[in-house]
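> Task: produce atomic coordinates for the following.
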Amino acid sequence: MAKMRTVDAAVAILEKEGATEAFGLPGAAINPFYSAMRAHGGIRHTLARHVEGASHMADGYSRAADGNIGICIGTSGPAGTDMITGLYAAWADSIPMLCITGQAPVAKLHKEDFQAVDIESIAKPVTKMAMTILEPGQVPGAFQKAFQLMRSGRPGPVLLDLPIDVQMAEIEFDIETYEPLPIEKPKASRKQLEKALDMLTSAQHPLIVAGGGIINAGASAQLVELAEILNVPVIPTLMGWGAIPDDHQLMAGMVGLQTSHRYGNETFLQSDFVIGIGNRWANRHTGGLDTYTAGRKFVHIDIEPTQIGRVFSPDLGIASDAGAALDGLIELARERQSAKTLPDYSGWVAECQERKGSLHRKTNFDNVPIKPQRVYQEMNKAFGRDTTYVSTIGLSQIAGAQMLHVFGARKWINAGQAGPLGWTAPAALGVVRGTPEATVVALSGDYDFQFMIEELAVGAQFNLPYIHVVVNNSYLGLIRQSQRGFNMEQNVSLAFENINSPETNGYGVDHIKVAEGLGCKAIRVENPDDMPAAFDKAKALMGEFKVPVVVEVILEKITNISMGVEINAVNEFEELAETAADAPTAILAKA
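Have a look, this model is predicted:
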């Protein structure tokens with residue numbers, strides 16, 4: 001056994017657990033941990049400009065690829081409280097992420113010492129485990145337990161708080177004898193899956209709802225295989241988008257009040273049976289439950305037993321890892337396929353395809369200022385199947401989900417449940433760290449972009465290139481639209497005459513100058529016909545300079561994006577597509 005500081009043991013554990021990508025800011029109370037990282041050399045650290053930004057970078061890194069666990073590091077006091085929004089975003093979407101904070105000495109925790117805060121209590125509601133480690137000998141076990149919890153059951157974040165004297169203390173530790181704890185995941189039984197498959201094959205118009213749990217399980221290929229064996233259409237949730245490619249004939253569109261396709265909602269309303277796998281039945285997906293559940297039976301498969309029945313009671317609930325359930329269903333479906341006992345759903349699939357090729361929203365607008373729909377049309381043309389989109393919240397995210405195309409798992413990365421403004425830019429940087437070979441394109445409205453705009457400097461400093469499309473209408477667009485129900489427009493305009501940038505024409509903040517001042521490249525587009533050249537230039541600049549490139553598109557100030565309060569009553573504020581020319585980048589051309 002070797003005698004070493006607890007922080008040296010902790011860093012060795014990080015490497016053995018496969019978590020070697022850290023984002024954070026040093027400070028007095030966490031400097032021992034930083035000294036251990038420096039001595040060890042196996043943990044890459046990206047210096048953020050704000051600790052919340054570091055937490056979103058770690059979150060984005062975790063979401064970028066199967067098995068990733070991002071690390072966020074900060075000092076005591078406000079560093080920990082700054083992480084809470086990041087922890088909430090990760091917890092809400094079942095993302096493993098490890099936050100490590102410094103803390104005042106153990107003997108000072110009750111004395112209101114400088115930057116001493118009970119971060120354990122603050123973080124507990126949004127973590128799987130939050131612990132202030134009071135004894136040096138507990139450090140290895142706490143890290144060991146943290147990794148087990150992050151990976152077991154429904155994944156999620158953990159916060160470990162390290163008093164500075166605990167960090168400096170020496171313990172006996174041998175990394176060669178350290179072993180990760182076994183990962184615990186429930187697995188559906190054959191009997192359960194037989195019942196689920198019996199219910200599905202008894203239906204005339206069945207659907208599979210594919211949630212983010214499928215992507216978390218790395219089981220997208222199994223989802224597609226099952227759907228193809230059964231010949232049953234798939235409705236991905238927003239968090240499951242990409243589990244089946246958009247152009248697959250069994251991809252039937254997304255359902256919901258906002259981030260949905262017209263054809264997806266209509267197909268769902270024609271269904272009589274739904275099997276949800278790894279999904280939450282989120283309210284923006286379901287809308288009113290009476291409408292959503294009427295006339296159809298439900299099976300719900302989720303890794304977290306208490307998630308089943310939380311929103312409504314299914315006809316059959318099964319606690320299981322999504323990958324394990326899909327493997328079992330594939331085995332059973334192949335047996336029935338060989339026995340020629342599977343129903344023929346080709347007619348149902350043809351109906352879904354007909355809707356997919358006819359129920360389109362118009363995107364081909366030539367207006368100046370630019371209509372947002374045209375932006376997504378041009379993005380579809382400019383960016384290929386390998387593109388990874390990163391977005392958060394607002395009309396930009398909602399319209400993007402309605403009109404962009406995603407062709408693989410982890411190609412749509414979105415803080416779905418929490419939706420914290422400012423998440424997009426730092427998360428995109430984390431995604432670039434996690435998948436440096438990918439083409440990463442972020443999408444923000446001007447307000448989301450301004451929230452943590454300082455993190456662009458991180459991309460410039462560490463050469464983390466991506467394209468950030470900013471649709472600027474100088475408004476809190478989603479809030480302005482929701483205020484229509486109150487017959488008001490209150491405190492939602494970001495417009496002002498910029499005395500230093502008259503070329504912004506009353507749109508306020510000069511994002512071009514700010515981005516350039518932070519070491520990045522930036523392009524402003526005011527005419528829709530200029531977007532193709534702007535995207536081409538952005539790609540070239542990104543390749544040449546290896547920094548983030550901002551493409552700001554000046555939008556019309558007032559636009560209402562399709563949404564409603566029921567999935568059968570979505571308000572369409574703009575013209576609908578009547579010809580193929582109205583929606584030229586639709587997955588299926590309009591007949």
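> all strands in the stretch 301-450 of the chain, in order from the N-terminus.
For the stretch 301-450 of the chain, the strands defined by DSSP state E, counting those that start in this stretch occupy 316-319, 387-391, 412-414, 439-445.
> Taking the centroid of the chain, which residue is nearest it?
Closest to where the C-alpha atoms of the chain average out (C-alpha atoms, centre = their mean) is residue 414, at 2.6 Å.
> And that residue, how far from residue 392?
Remark: distance between residue 414 and residue 392 (C-beta to C-beta, to the nearest Å) = 7 Å. C-beta here means a position set from N, CA and C on the backbone, and glycine is covered the same way.
> so residue 295, which of the three states?
Of the three states, residue 295 takes coil according to DSSP: H, G, I helix; E, B strand; the rest coil.
> check contacts around it.
Residue 295 is in contact with residue 272, counting by C-beta atoms under 8 Å, 6 or more residues apart in numbering.
> quick one, what contacts residue 525?
Neighbouring residues of residue 525 by C-beta under 8 Å, 6+ apart: 370, 531, 534, 551, 552, 553, 554.
> at 10 Å what do you get?
Residues in contact with residue 525, defined by C-beta atoms under 10 Å, 6 or more residues apart in numbering, are 370, 375, 378, 469, 472, 531-535, 538, 551-554.
> tell me which of the residues you listed is nearest to residue 405?
Closest approach to residue 405 among the contacts of residue 525 (C-beta to C-beta): residue 378, at 12.7 Å.
> picking that back up, please identify every residue contacting each of residue 414 and residue 392.
Common contacts of residue 414 and residue 392, defined by C-beta under 10 Å, 6+ apart, comprise 423, 424, 427, 443.
> In TSV, list these along with distance to residue 16, neighbour count and pLDDT.
Formatted as TSV, those follow (distance: C-beta to C-beta, whole Å; neighbours: other C-beta atoms under 10 Å; pLDDT from 0 to 100):
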residue	distance to residue 16	neighbour count	pLDDT
423	30	30	97
424	33	32	97
427	27	34	98
443	37	28	97
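> Tell me which of those fall in helices.
Mapping the shared contacts of residue 414 and residue 392 onto helices (DSSP state H) picks out 424, 427.
> could I get the shared contacts of residue 414 and residue 392 as a markdown table with distance to residue 166?
Shown next, in a markdown table, are the shared contacts of residue 414 and residue 392 (distance: C-beta to C-beta, whole Å):
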| residue | distance to residue 166 |
| --- | --- |
| 423 | 32 |
| 424 | 36 |
| 427 | 31 |
| 443 | 42 |
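> Looking at the shared contacts of residue 414 and residue 392, spot the one nearest residue 437.
Residue 437 lies nearest to residue 427 out of the shared contacts of residue 414 and residue 392, by C-beta to C-beta, at 17.9 Å.
> Quick check: next helix or strand after the helix or strand of the chain with the lowest mean pLDDT?
Lowest by mean pLDDT, DSSP states H and E among the helices and strands of the chain is helix 477-482, with a mean of 78. Once the chain leaves helix 477-482, the next helix or strand it forms, by DSSP states H and E, is helix 511-517.
> rewinding a little: in the least confident helix or strand of the chain, which residues are buried?
Neighbour counts over helix 477-482 (16 or more other C-beta atoms under 10 Å) mark 477, 478, 480, 481 as buried.
> Next up, the contacts around the first one.
By C-beta under 10 Å, 6+ apart, the contact list for residue 477 reads 372, 394-396, 398-399, 445-447, 471, 492, 494, 555, 557-561.
> how about the residue nearest to the centre of the chain, what does it touch?
So residue 414 contacts 63, 93, 212, 238-239, 241, 259, 389-393, 397, 400-401, 423-424, 427, 443 (C-beta under 10 Å, 6+ apart).
> Return the list of helices and strands in contact with the biggest helix by length in the chain.
Looking across the chain with DSSP H, the single longest helix is helix 322-338. For helix 322-338, the packing partners by 3 or more C-beta pairs under 10 Å, 6 or more residues apart in numbering; DSSP states H and E come out as helix 190-201, strand 206-210, helix 212-216, helix 220-230, strand 273-277, strand 297-302, strand 316-319.
> Done for today, thanks.
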